[in-house]
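In: Provide a 3D model corresponding to the input given below.
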Amino acid sequence: MCGIFGYFNYMGDGKSILQRMARQQIHRGPDSEGSFIDGAFGFGIRRLSIIDLVTGDQPICNEDKTIWVVCNGEIYNYLELNETLKKKGHVFHTNSDVECIVHLYEEYGIKAVEELNGMYGLALYDKRLKKLFLVRDRLGIKPLYYSSGNGVLLFSSELRSILATGLVDSSFDWNAISYFLDQLYIPTPFSPFRAIKKIKPGCIMEVTGEGSPFVEEKPYWDIKNVPGDTTDLSENEAVERLTFLLNDSSKIQLRADVPICVFLSGGIDSSAVVAFASLHVSKPLRTYHVYFDGATQKLDEREQARMVAQRYGTDHSEVRAGRDDFKRLIPRIIWHLEEPFGDLATVPTFIISEMARKDAKVCLNGSGGDELFAGYPHHDQPFSVRRAIAGALEIAGMADHVRTAFGKYVSPWSKLFPEYRDIRHRQRPEDKGKTFPGDKRNRLMARDIDGYLQSNVLFLLDKIAMAVSLEGRVPLLDHRFVETAAHLSSRMKIQNGERKHIFKKILEPYLPGEVLYRKKEGFGAPLTDWLDDETTGILRKIVKSGLLKKEKMMRLPERSIDSLAGWDLWKIACLDLWAGILAKPCDCPRNNTLMDYM
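Out: Numbering: from 1, shown residues only. Sure, this is the predicted structure:
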């Protein structure tokens, strides 16, 4: 896991640009730094060493130094690829998982990425052709941003590195921010800045030419076109195939030269990760659980996590997350998120990541199970009901003073923000040009994988874990496992109102019934408990004095601010905090609390 960055077709002081970009990503790669420059091209990396700690520094090149690569992430099947490539005569100079990429490119060209099993945002430079390839993994587990204005292309694992060059316009993209106001995150390909975009998951961006680079983005994998067909499998056959793939995914994702741990929530998905990972370790796994201060019995899953930890003999630790942590950590979290992002699971995730980092450099977690196996309530509704619920959720909870009623719905946010773009009736960006596979429920799950999973769940994991220099891995999102699950009939995923049916069948030999058949509670933070009168007052003061109001980007009288509460208040305060923190370059506000922004 690392942070990569670079430029194409920049004629100025390239070394200085790379240094500026590198300084913004020390948290992603505290162990070493490297770079390579060839005329108007240059790229670099801040490395968090996981595999081959001694000789695995990047950039890495081929034998004649004509192919160069930097990679943020891990290539899990590198041992198998290395063995094949050595038989073809390739000479390896490191034991790194990344070196196989340059030799694969020599054999297959950029189609080599189809051979990779892993998570990655990588840049490969062909010195002979003066050509750059930017590649993002199939599911979007690792991020990759770019900007292509004024004849120069910039790219990076983080937004801040691109902004630090001083070569791009930092104007807000209110089209993107409109999505945040409606769904708490900004979907790919948008970023909150007009000049910066995200490379789509499963895509290759090819950059060529001088003077004005030609940029072309093409998919090499797409959930709507996954290979294979498992629709005719019996339940027993499906269980057998999925069990084999999850076992193999768990085995190869344990490859590392540093300690590994597991985030154990007590739910089915993370418990499955513990169960299968335990089959491949010689000493007890370390597991970590975060619980909420004053949590109701409904939200408290400590008992279930302890059951799993005891069954597999893990070295288990627990840590509390409370209202004071919310006030203490939010400025720091927003700095690391870089984008407006409203999911309060960031707070417990930060707390558990910080605790785990004391003992490990890699954490496994259970992301993806709900999207693959119909784990969310909306997966279990008739199609007409799901559409009605989706519309109702967009309207519900909005404060009366921002509602409008002109015979049709107009987003209340348009009354607050002059630049707001109403997105309610607009096609989601991740859906454009796509026809999702399978029956209606499978199509909905594919949309969740392509949208919410990538832009919310995986975005959160990467940003928060890397904030403390911790690598997050997701065994349930091995692309082979995803492809198999995607083609299964939704009747295997939901039976008699029971969600995740086939996944539970896989896990029956491995997990106690109290874990398998307990009602899902999720990993959300108790917003109503955290937004007490004191915290609500602080957030209102932030909105009254914040950048959005000062710069007239928001039109909202103080009497209306005084009536804001709950999610409405949190969304606006979150956006205001983000705008203030990102408006000027600054170091991470490690010691600032919410009170410092009133």
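In: start to end distance for stretch 496-510?
Out: By C-alpha to C-alpha, to the nearest Å, the extent of stretch 496-510 from end to end equals 23 Å.
In: run through who's touching that stretch.
Out: 235, 238-239, 242-243, 246, 268, 271-272, 275-276, 369-370, 372-376, 379-380, 488, 492-495, 516-517, 520 (C-beta atoms under 8 Å, 6 or more residues apart in numbering). (C-beta placed from N, C-alpha, C; glycine too.)
In: and what of stretch 20-29?
Out: Residues outside stretch 20-29 that contact it (C-beta under 8 Å, 6+ apart): 1-3, 5-6, 33, 35, 44-48, 72, 156-158, 160-162, 164-166, 336, 466-469, 588.
In: now do the end-to-end distance for it.
Out: 15 Å.
In: now for Lys86: which residues touch it?
Out: Phe92.
In: quick one: what helix or strand has it in it?
Out: In the assignment (DSSP states H and E), Lys86 maps to helix 78-87.
In: so which bits of that helix are buried?
Out: By neighbour count on 16 or more other C-beta atoms under 10 Å, the buried set for helix 78-87 is Tyr78, Leu81, Asn82, Leu85.
In: and the next helix or strand past that helix?
Out: Sequence order places helix 99-108 as the next helix or strand after helix 78-87, per DSSP H and E.
In: Lys88 reaches Glu107, doesn't it?
Out: Yes: look at Lys88 against Glu107 with C-beta atoms under 8 Å: they come within range, at 6.7 Å.
In: looking at those two, which is more packed in?
Out: Glu107 (13 against 9; other C-beta atoms under 10 Å).
In: isn't that one right next to Leu85, touching?
Out: Yes: the pair Glu107 / Leu85 is scored as a contact, 7.2 Å apart, by C-beta under 8 Å.
In: which ones are touching Met117?
Out: You called it Met, but residue 117 is Asn. Per C-beta under 8 Å, 6+ apart, neighbours of Asn117: Ile75, Tyr76, Asn77, Ile252, Asp478, His479, Arg480.
In: who does Gly118 bridge with?
Out: For Gly118, the beta-bridge partners are Ile75 (DSSP bridges).
In: which non-adjacent residue is nearest Leu372?
Out: Of all residues not flanking Leu372 in the chain, Ala485 sits nearest, at 4.3 Å (C-beta to C-beta, 6 or more residues apart in numbering).
In: typo on my end, it should be Arg323
Out: With C-beta to C-beta, 6+ apart as the criterion, Arg323 has its nearest non-adjacent residue at 4.8 Å, and that residue is Trp530.
In: can you tell me how far the one you found is from Ala321?
Out: According to C-beta to C-beta, to the nearest Å, Trp530 stands 9 Å off from Ala321.
In: please apply the same query to Arg128.
Out: 52 Å.
In: over to Val98?
Out: According to C-beta to C-beta, Val98 and Ala321 sit 35 Å apart.
In: and Ile334, by the same measure?
Out: The gap separating Ile334 from Ala321 is 17 Å, by C-beta to C-beta.
In: please name every helix or strand in contact with the strand or helix carrying Gly73.
Out: Here Gly73, judged by DSSP H and E, is contained in strand 67-75. Applying 3 or more C-beta pairs under 8 Å, 6 or more residues apart in numbering; DSSP states H and E, we find strand 67-75 packed against strand 2-8, strand 41-47, strand 60-61, helix 99-108, strand 118-126.
In: give me the angle between it and helix 99-108.
Out: Calculated by axes from the mean of the first three to the mean of the last three C-alpha atoms, to 10 degrees, strand 67-75 forms an angle of 120 degrees with helix 99-108.
In: mind checking how far strand 67-75 is from the chain centre?
Out: Averaging C-alpha positions (C-alpha atoms, centre = their mean, to the nearest Å) puts strand 67-75 18 Å from its chain's average.
In: tell me how many other residues crowd Arg46.
Out: When neighbours are defined as other C-beta under 10 Å, Arg46 has 29 of them.
In: ok, it - contacts?
Out: By C-beta under 8 Å, 6+ apart, Arg46 lies in contact with Cys2, Gly3, Ala22, Gln25, Ile26, Arg28, Gly29, Pro30, Ser32, Glu33.
In: neighbour count winner among Val98 and Ala321?
Out: Taking other C-beta under 10 Å, Val98 and Ala321 do not tie; Val98 has more neighbours (28 against 24).
In: excluding its backbone neighbours, what's nearest that one?
Out: Cys71 (4.6 Å).
In: and that neighbour, what pLDDT?
Out: We note a pLDDT of 98 for Cys71 in this prediction.
In: right, and it touches Tyr120 too?
Out: Yes: using C-beta under 8 Å, Cys71 is in contact with Tyr120, at 5.4 Å.
In: wait, Pro192 touches Ile186, no?
Out: Yes: the criterion here is C-beta under 8 Å, and Pro192 meets it with Ile186 at 6.1 Å.
In: tell me, how many neighbours does Ala583 end up with?
Out: For Ala583, the neighbour count with other C-beta under 10 Å is 12.
In: rewinding a little: how far away is the residue nearest to Arg323 from Ala345?
Out: In terms of C-beta to C-beta, Trp530 sits 12 Å off from Ala345.
In: who has more neighbours out of the two?
Out: Each of Trp530 and Ala345 has its neighbours counted (other C-beta under 10 Å); Trp530 has more, 21 against 18.
In: what's the more buried one sitting at in phi/psi?
Out: phi -80, psi -30 (degrees, to the nearest 10).
In: could you pull out the strands for the stretch 301-450 of the chain?
Out: With DSSP state E, counting those that start in this stretch as the criterion, the stretch 301-450 of the chain has strands at 315-321, 362-364.
In: identify the residues contacting the first one?
Out: Taking contacts as C-beta under 8 Å, 6+ apart, the residues outside strand 315-321 that touch it are 264, 284-293, 302, 305-306, 309-310, 347-348, 351-352, 355, 525.
In: now restrict those to buried residues only.
Out: 264, 285-292, 305-306, 309, 347-348, 351-352, 355, 525.
In: low-confidence ranges, the stretch 201-350 of the chain, go.
Out: Along the stretch 201-350 of the chain, the model assigns pLDDT under 70 to residues 211, 227-230, 294-298.
In: at 80 instead, please
Out: 210-213, 226-231, 294-299 (pLDDT under 80).
In: the stretch 401-550 of the chain now?
Out: For the stretch 401-550 of the chain, the ranges with pLDDT under 80 are 401-439, 519-528, 547-550.
In: going along the chain, name the helices of it.
Out: Ranges of helices within the stretch 401-550 of the chain are 413-416, 440-448, 459-467, 479-487, 490-493, 501-507, 513-516, 527-530, 533-545, 547-550, based on DSSP state H, counting those that start in this stretch.
In: hmm, back to that, residues in contact with the residue nearest to Arg323?
Out: Trp530 makes contact with Gly322, Arg323, Phe326, Leu344, according to C-beta under 8 Å, 6+ apart.
In: got the phi/psi numbers for the first one?
Out: Translated: Gly322. When read as degrees, to the nearest 10, the backbone of Gly322 gives phi -140, psi -180.
In: ok so, going back, so for Cys71 and Tyr120, which residues contact both of them?
Out: Residues touching both Cys71 and Tyr120 (C-beta under 8 Å, 6+ apart): none.
In: looking at the two, which has the bigger crowd around it?
Out: Per other C-beta under 10 Å, whichever of Cys71 and Tyr120 has more neighbours is Cys71, with 28 against 23.
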